[in-house]
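In: could you look at this predicted model? Sequence included:
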Amino acid sequence: MPARTILLLGDPRLYEQCAPVEREEIGEMRSVVQDLHDTLFAFRERYGAGRAIAAPQIGVMKRLVYMHLGEPVAFLNPELDRVSEEGFELWDDCMSFPDLFVRVRRHRSCRIRWRDLEWRPHEEVLEDDRSELLQHECDHLDGVLAVARAVGPRAFALRKGRGRPDGGALPPEERR
């Protein structure tokens, strides 16, 4: 399937709260997951980055996140809880504003609960880069963009080449 168009910063749909996926929508969600996969990989080809994408980024207002870190995972109705008090800052980027970095603060760890495409429940404790990644994607489901989480007076920077705003290469844990 061809990649879908990614909604860009300023599109009002990116600020909407998504509806839960209902069990009877699983068939429809399978095709959305394929669209998310194709869109993620097209973005990777163009920008050299991309680890996950949320359904609202392609205009599907459902609580669905697709991640591909070596193997694909579809998160239906993901819920984050048990977030750590310990946090860290990083330069975050997003497919909805691919030439912009935003300095944000994220929790070091959290627990995620979700259902898969067979409607089986799952639970996992996430640490560091996976914790940060799923916090970012779950924010999309609530209509919250990284720009709303900016920290400090110099929290925004334009992408220079393919590295961080400070000129260094992005380590794998900071690549969206």
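Out: Structure's in. What do you need? Residues are numbered from 1 along each chain as shown.

In: neighbours of D81, how many?
Out: Residues lying near D81 (other C-beta atoms under 10 Å) number 9. C-beta: built from backbone N, CA, C; applies to glycine.

In: how near is the residue nearest to L158 when sequence neighbours are not counted to D139?
Out: In space, and not counting its chain neighbours, L158 is closest to D99: 5.8 Å by C-beta to C-beta, 6 or more residues apart in numbering. As judged by C-beta to C-beta, to the nearest Å, D99 and D139 stand 20 Å apart.

In: follow-up on the earlier one: and the residue nearest to L158, that's in a strand?
Out: Yes - the assignment for D99 (DSSP: H, G, I helix; E, B strand; the rest coil) places it in a strand.

In: could you check how far it is from L8?
Out: 10 Å.

In: thinking again about what came up before, looking at D99 and D139, which is more packed in?
Out: Between D99 and D139, D139 has the larger neighbour count (other C-beta under 10 Å), namely 19 against 10.

In: assess the claim that that one and L133 are in contact.
Out: No - taking C-beta atoms under 8 Å as the definition, D139 is not a contact partner of L133, at 10.8 Å.

In: anything in contact with each of these two?
Out: Overlap between the contact sets of D139 and L133, as judged by C-beta atoms under 8 Å, 6 or more residues apart in numbering, is nil.

In: quick check: the gap between the nearest residue to S109 once chain neighbours are set aside and A52.
Out: Using C-beta to C-beta, 6+ apart and skipping the chain neighbours, the partner closest in space to S109 is S84 (4.4 Å). S84 sits 20 Å away from A52, going by C-beta to C-beta.
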